[in-house]
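Enquirer: the sequence and its predicted three-dimensional model are supplied below.
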Amino acid sequence: MYETLRDKVTAAARIDRTEAAWLYEHASDEQLSELATIARNRLHGPTDASYLIMAIVNYTNVCVARCDYCAFYRLPKTSGSYLLSFEQLCQRIDALVEHGGDLIGFNGGFHPKLRIADYAELFGKVRRKYPDLEFYELTVAEFMYYCKVSRLSYDEGARIMYEAGTRWITGGGAEILDDAFRKRHSPLKYEVEDYYAAQKAILGAGMGSTATMVIGFDETLDERLNHLERLRAFQDDVDGALASFLCWTYKPYSTDLGGEEVPTSEYLRWLAISRIYLDNIRHIRTSVLTKNEDALLGLKFGANDFDLPTEDEVTESAGATISTDFEKILDAARQLGFEPRKREAFPLRVPRTGHAA
Ligand code: SF4
């Protein structure tokens, strides 16, 4: 079986979910690394590894979604809940600039008092103050909630954000895109097809988006494969518009769900499966945020890109530790034979039906 699949991957033929499951369950680490590297090197130079320095700025931890895997949120008006002022937000952005960073990913909870128009105004102000930075504004999951409470369709919400200058609404809040998983852990957040409807509206309005996945809750292999299968079909449907796929690992500390962290070996195996299966996503990203230097091993398992994060309260609340000793992290990549290169934000790419160039 392995030889057959090796021939398929070498010939750039698609593997199906049964073959992906076989590889995950039966191939050795070395075999997975080999196949993922064949797939990766079709799109990237063998020693290429790109990165950027970014901060995830969490403007509010107020959230009514109550996901049981989340250690970050606070219910409205409870102790420890916050909504950052514009000045506080700018202080966080200034800290990233001091670290030589280029990109801010905004991420917050589902705050019941905020609306799409509030975010369009806030992000516009931020962009005017920091014209040289790139911003990921909202995640798909937040965008869905704020459209709902603003009584806007996804098309209307996306048009408002686009016209206000937003260029990226990224695929955060995806965790495992499987409805059985969502019902178990996050029933108030969204249903999977609705998630993709929102992401399609975002792309259709001319904005860019990305794909993400988080593993290590209690999801089954079938649920993980459902995530990859639906994502690959969506990416076909939108002409390859999603710029990248980032997989990271659940941090269980201080959450209601609890549990154990996924070992690095399991993470690397899943990264390899993602690279091999998602043949229509160019950039596969490994997660320094949740795996620190171990994440760089992901470059041997199909990844070609990573972030050097300076902050993210969501994962830090659940046990992630962030180091700003960037040279140490980059050395880990060099010792594996890669030549890490700081990159710009990915070019905006939207389907042919989108408005942007
Ligand atoms: S994961 Fe996001 S949506 Fe879920 S409770 Fe936490 S902040 Fe809210």
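Expert: Here it is on my side, so go on. Numbering: from 1, shown residues only.
Enquirer: in this structure, which helix or strand is least confident?
Expert: helix 313-317 (a mean of 69; mean pLDDT, DSSP states H and E).
Enquirer: right, and the helix or strand after that one?
Expert: helix 326-335 (DSSP states H and E).
Enquirer: bridged to the nearest residue to residue 285 once chain neighbours are set aside, which residues?
Expert: In space, and not counting its chain neighbours, residue 285 is closest to residue 246: 4.1 Å by CB to CB, 6 or more residues apart in numbering. (Glycine included, C-beta is placed from N, CA and C.) Note on residue 246: beta-bridge partners by DSSP bridges are residue 212, residue 285.
Enquirer: how far off centre is stretch 155-169?
Expert: Distance, stretch centre to chain centre, for stretch 155-169: 19 Å (CA atoms, centre = their mean, to the nearest Å).
Enquirer: next, the buried residues of that stretch.
Expert: By 16 or more other CB atoms under 10 Å, the buried positions in stretch 155-169 come out as 155, 157-162, 164, 166-169.
Enquirer: which ones among the residues you listed lie within helices?
Expert: 155, 157-162 (DSSP state H).
Enquirer: what's the closest of these to the ligand?
Expert: Distance to the ligand, by CB to the nearest ligand atom, is smallest for residue 157 among those, at 17.1 Å.
Enquirer: wait, that closest one touches residue 149, no?
Expert: No - using CB atoms under 8 Å, residue 157 makes no contact with residue 149, being 10.5 Å away.
Enquirer: next to the ligand in this structure, residues from the stretch 51-200 of the chain, please.
Expert: 63, 65-67, 70, 72-73, 109-110, 173, 189 (CB under 6 Å from any ligand atom).
Enquirer: closest one of those to residue 98?
Expert: Proximity of those to residue 98, judged by CB to CB, is greatest for residue 72, which lies at 24.3 Å.
Enquirer: what about the closest one, how many residues close to it?
Expert: 20 (other CB atoms under 10 Å).
Enquirer: and the longest strand seen in the chain, how far from the chain's centre?
Expert: Ranked by residue count, the top strand of the chain under DSSP state E comes out as strand 48-57. On the basis of CA atoms, centre = their mean, strand 48-57 sits 12 Å off its chain's mean C-alpha point.
Enquirer: what lines up beside it in the sheet?
Expert: By DSSP bridges, strand 48-57 pairs with strand 103-106 (parallel), strand 305-309 (parallel), strand 339-342 (parallel).
Enquirer: can you give me the helices for the stretch 201-350 of the chain?
Expert: For the stretch 201-350 of the chain, the helices defined by DSSP state H, counting those that start in this stretch occupy 221-237, 264-277, 288-291, 313-317, 326-335.
Enquirer: what does the third one contact?
Expert: This means helix 288-291. 56, 248-249, 251, 264, 267, 295-296, 298, 306-309, 312, 315, 320, 322, 329 (CB atoms under 8 Å, 6 or more residues apart in numbering).
Enquirer: now the angle from whichever helix or strand comes after the longest strand of the chain to strand 305-309?
Expert: Using DSSP H and E, the helix or strand that follows strand 48-57 in sequence is helix 86-98. Interaxial angle of helix 86-98 relative to strand 305-309 (axes from the mean of the first three to the mean of the last three CA atoms, to 10 degrees): 120 degrees.
Enquirer: tell me what helix 86-98 is packed against?
Expert: If you count contacts as 3 or more CB pairs under 8 Å, 6 or more residues apart in numbering; DSSP states H and E, helix 86-98 packs onto strand 48-57, helix 116-129.
Enquirer: thinking again about what came up before, got a winner among the residues of the stretch 51-200 of the chain next to the ligand for most neighbours?
Expert: Busiest of these [other CB under 10 Å] is residue 109, holding 27 neighbours.
Enquirer: which SS state does that one fall under?
Expert: Secondary structure, DSSP: H, G, I helix; E, B strand; the rest coil: residue 109 is coil.
Enquirer: ok, it to residue 303 distance?
Expert: 29 Å (CB to CB, to the nearest Å).
Enquirer: residue 347 too?
Expert: Residue 347 is 19 Å from residue 303, by CB to CB.
Enquirer: the more surrounded of those two?
Expert: residue 303 (28 against 7).
Enquirer: quick one: low-confidence residue ranges for the stretch 201-350 of the chain.
Expert: For the stretch 201-350 of the chain, the stretches with pLDDT under 70 are 314-316, 318-320, 350.
Enquirer: redo that, cut-off 80
Expert: In the prediction, the stretch 201-350 of the chain carries residues with pLDDT under 80 at positions 311-324, 348-350.
Enquirer: list the buried ones in stretch 86-103?
Expert: Residues 89-90, 92-93, 96, 99, 101-103 are the ones in stretch 86-103 that count as buried (16+ other CB under 10 Å).
Enquirer: how about stretch 44-61?
Expert: Neighbour-count burial for stretch 44-61 [16+ other CB under 10 Å]: 44, 48-61.
Enquirer: nice, that's everything, thank you.
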